Structures are given as structure tokens and as C-alpha cells.
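Enquirer: Need coordinates for the below:
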Amino acid sequence: MSPSSDLLRRPFKRPLLSDQQRRRDLSLKRQEQSRDSQLHARRVTSALLSLPPEPGASSTSQPPEYYSDLHLGAEAASKILEGGLEARKWFQKQLMLPEWMIDVPHRLTQDWFVLARSAGERCLVVSYNGTTVSRRRNGTVLHRFPSALPDGCSRTKAQPSCSILDCIFHEMDQTYYVIDMLCWRDYSLYDCTAEFRFFWLKSKLAETRACDPPSYYHRYRFSLVPWYTCDLTALHTAYTGAVPYVKDGLMFYNKHAHYQPGITPLALVWKDQNCSKYVVDTDNEGKVPSHQQIVLELQRDGKVTTSDNPPIVFGCLGLDLIQKLGTLQSGCLVRFAIGDGGLTIVDGKLERADLHYLGKSNRARAFADSYSKIMFQSMVRGSSLQIDDLIAAISSSNDGANGPDVEMMDG
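Expert: Numbering: from 1, shown residues only. The predicted model follows:
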């Protein structure tokens, strides 16, 4: 791809597959009502760093007093301190997760950053009280280690403070690639815009030795993923530029977005075969199935839903089938294939899905698929969003347009 003018064209009129743009606007309005970031940062830090009791330690020890401010109760706090299922479930909800790009956002050049996403394990990394801990997206501990982050090892331990980073751990070079900052030396950034968080991240990380090669007091290297204001040159750089990690698509962040745990339309992921090895989902054997497969969560009434908030209903399992199988219960993650009938979308909303039951999902999995992921995978198998569509949207925005034209589907 090149940002040359011969590639610039009017945006292709695509069917409306979701209300993603409307939800982006609502998310920006809703975040203005949230002002509890200091409490949330404190809660994440204290829980993330809670270690299992030392051998021989008394089991009657009380939870730290900061839990009294969090309305957890002594029993719940103790479970988080001891790790296990309670802690994993809690941490599953702490990362801000991007939606998949179904339509190109309005004002892409003015309001969005773009970065080349690293392949690897998405995780939260926190340093506090002389140690550093990382947890995966499913809530389990990835590493406990010393680091050069503030208060991240005994050498840097001084006045107690906490720092929380959003990272991707890249196994091949044993590096944590940093994509966001939630807290730094007790200063919470949850209610700060992405534009400020990214500036703060770049300047503060440079003040430490966290990006140095590994050493005894710094087991893993940290590296900042470069981001750019999403103009044509930046898109070209992120899409085709060389990076020290295996690239797995592009990420887009709305400059005005706060850090919102859970799935948000103010962060987006997009990929094609030129910038990712993992475009089309594969089955357990690593092969692309003939029909798209999805994972949904079973509800008490038999409905199967996505991981969105609120969840989107894709269908319903009959109670007779649930009873016959015997192993399904509310909260189970269930795998389906989408049959030849496909997905019926009317005015951006799902009206019908041709689902075929395959069985329970992998036990290590923590979430159902999101609506945007299911739609993105469906588009990849048909008429997917191309890099030229992003180029056209940027060109249109530069010409003063509001964004790509949208064609409504007939019901």
C-alpha cells in the first residue's frame, strides 16, 4: 500500500451491519458521567498484587483495610487475596477490550490514533511494594517477577506506589509491549483521554530503565508500541512498516476515550492477510472450517448470547436438548457453526442466525465472542473491510466529509 493519490477514491457504499457509530457516540457521552477512577485503580492494584498466603501463615489474617472502602466484604476480599477462581473471574473484567472494526469511524484523521498490534498475550502488568505481577485476559497469573518499573523490585522499592500498564507479552523475544497506561506512581489515568494517557506513557516510561535489556532485577524488557494520528502517512507506516514483533493487525484508539474496562467501540481492531497471519478463525486443529464457528454463552432461559454489554441474542437452545445433553448449564460457553442460512441483518441489527450446535467450548476460554468479532469474521469470508476503504475514509475526511457513506439493507 502507498499513500499516493492514485489510491484515493470515494468510499465504497457498504451495507449497514451494526450500530457501531451510534454506540461510539453514546460511549463518549457516558464516560462524562463516570468519575470513580481513583477508587478503581486502587482496587485493581491491591487485588492484582495479592499473593497466596506464605506456607505456615495464619489463615485467620484479615484482609487489608483498603478493602473496607470497596464494599467487597471480608469473605470476598479473602478469596481475592488467596487467588483462585474468585480472583480470576474478577480480573477477567478489568481490561479494556476493542471491538472489531465493522464500519470505518467518522473523523478518522481528526479523532483517532493507529498502531501496529503485536501478537501475543494481552495482560495487565502492575508494580507495587517491590514486585511486579501480570495477569492474562482470562484472569490467570502470567508472571510474577522483578522489574525496573516504579516499586517493581526490591532495588526500586522506596515510597510505596503502584503503576498499572496494559501490555501484550510477545513470547518470541520475551518482551512486554506496552499499549496503554492506567496508573503511574499512584496517579490514576482511567478518567484521562487516550491522547493524554499516551503522552504520559511515553514520557514516564522513558524516565525508568524498564526498556533496558533483562537483568537480575529486571527479568523482562518493556517496549513502547508507537502510535500515530491516523492520517494517510501514519496508516501506511502502521500497515507496512517494519516492527520488532510479529504483527497481528492494526488497533485504533479514539483520542477522547477514557480507559473503560470491558468491550468498547472507542477502541477497534482491524486486520487483513498483509498485516496478520491470523485473519480467519481456525478450529482446534488449526484449520479453517468450511463454515464459520462462533462461541456464545448459554443463559438460564436457553438463549445463547454474545459477550457484549448488553449481550446480543443469537438464538435459543431448546430445554429438551439441554436436558438431553446433561452437561450444559447457565453460563456455559457453547460452540456453534453458522449454516448456509448465514446471518440476517436488518438496519444494522441481527434478526436471525442459522446456528448449528457443535458442543461446549474449550474450558480455558473465559468469554463468548463479541458481536463485532462475529460480524468481522463473517465479512472476512465475504465482502470484508479493505485497507482501501480506510484510505478512502481518510481522504474523504480530509476533503471535509463526515465519513464513509452507508447503504441501508432492505429488510
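Enquirer: what about the helices in this structure?
Expert: If DSSP state H is used as the criterion, the helices of the chain fall at 20-30, 37-48, 74-82, 84-91, 108-111, 194-205, 232-240, 319-325, 371-380, 387-398.
Enquirer: buried residues in the first one?
Expert: Which is helix 20-30. Gln20, Gln21, Arg23, Arg24, Ser27, Leu28 (16 or more other C-beta atoms under 10 Å). All C-beta spots, glycine's among them, are computed from the backbone N, C-alpha and C.
Enquirer: And the fourth one, by the same measure?
Expert: Judged by neighbour count (16+ other C-beta under 10 Å), helix 84-91 contains these buried residues: Glu86, Ala87, Arg88, Trp90, Phe91.
Enquirer: what do you get for the last one?
Expert: Counting neighbours by 16+ other C-beta under 10 Å, one finds that the buried residues in helix 387-398 are Ile387, Asp389, Leu390, Ile391, Ala392, Ala393, Ile394, Ser395, Ser396, Ser397.
Enquirer: which one among those residues gets closest to Tyr239?
Expert: Among the buried residues of helix 387-398, Ile387 lies closest to Tyr239 (C-beta to C-beta), at 6.3 Å.
Enquirer: Relative to Pro160, how far out is that closest one?
Expert: With distances taken as C-beta to C-beta, to the nearest Å, Ile387 is found 47 Å from Pro160.
Enquirer: swap in Leu319?
Expert: Separation of Leu319 from Pro160 (C-beta to C-beta): 54 Å.
Enquirer: I'd say Cys162 and Cys183 touch.
Expert: Yes: using C-beta atoms under 8 Å, Cys162 makes contact with Cys183 at a distance of 5.9 Å.
Enquirer: for the residue nearest the centre of the chain, what are its contacts?
Expert: Nearest to the geometric centre of the chain sits Leu97, at 2.3 Å (C-alpha atoms, centre = their mean). Residues in contact with Leu97, defined by C-beta atoms under 8 Å, 6 or more residues apart in numbering, are Arg137, Gly262, Ile263, Thr264, Ala267, Ser370.
Enquirer: now do 7 Å
Expert: By C-beta atoms under 7 Å, 6 or more residues apart in numbering, the residues touching Leu97 are Gly262, Ile263.
Enquirer: What's opposite it in the beta bridge?
Expert: Bridge pairing for Leu97 (DSSP bridges) gives the partners Ile263.
Enquirer: How confident is the prediction for it, by pLDDT?
Expert: In this prediction, Leu97 carries a pLDDT score of 96.
Enquirer: swap in Ala47?
Expert: pLDDT recorded at Ala47 is 60.
Enquirer: Where does the prediction get shaky in the stretch 251-400 of the chain?
Expert: Within the stretch 251-400 of the chain, the stretches with pLDDT under 70 are 399-400.
Enquirer: now do the stretch 101-250 of the chain
Expert: Residue ranges of the stretch 101-250 of the chain with pLDDT under 70: 157-158.
Enquirer: ranges for the strands of it?
Expert: When assigned using DSSP state E, counting those that start in this stretch, the strands of the stretch 101-250 of the chain occupy the ranges 112-118, 121-128, 131-136, 141-145, 162-170, 175-184, 187-188, 221-224, 227-229, 247-254.
Enquirer: Make JSON lines from those strands and add distance to Gly348 to it.
Expert: Formatted as JSON lines, these follow (distance: least, C-beta to C-beta, whole Å):
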{"stretch": "strand 112-118", "distance to Gly348": "21"}
{"stretch": "strand 121-128", "distance to Gly348": "28"}
{"stretch": "strand 131-136", "distance to Gly348": "33"}
{"stretch": "strand 141-145", "distance to Gly348": "37"}
{"stretch": "strand 162-170", "distance to Gly348": "30"}
{"stretch": "strand 175-184", "distance to Gly348": "29"}
{"stretch": "strand 187-188", "distance to Gly348": "35"}
{"stretch": "strand 221-224", "distance to Gly348": "37"}
{"stretch": "strand 227-229", "distance to Gly348": "28"}
{"stretch": "strand 247-254", "distance to Gly348": "20"}
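Enquirer: Phe145 is in contact with Arg219, correct?
Expert: Yes: with contact defined as C-beta atoms under 7 Å, Arg219 counts as touching Phe145 (4.1 Å).
Enquirer: What's the biggest strand in this protein, counting residues?
Expert: Using DSSP state E, we find that the single longest strand of the chain is strand 333-346.
Enquirer: Measure how buried Ser361 is and give me the count.
Expert: 21 (other C-beta atoms under 10 Å).
Enquirer: How about the contacts made by it?
Expert: Going by C-beta under 7 Å, 6+ apart, Ser361 touches Val295, Leu333, Val334, Arg335.
Enquirer: out of these, who's nearest Arg122?
Expert: For these, the nearest to Arg122 is Val295 (17.3 Å; C-beta to C-beta).
Enquirer: distance of the closest residue to Phe169 other than its chain neighbours from Asn138?
Expert: Leaving aside its chain neighbours, Phe169 sits nearest to Glu121 (4.5 Å; criterion: C-beta to C-beta, 6 or more residues apart in numbering). Noted for Glu121: a distance of 10 Å to Asn138, by C-beta to C-beta.
Enquirer: just Ala366 next, same as before
Expert: On the measure of C-beta to C-beta, Ala366 and Asn138 end up 4 Å apart.
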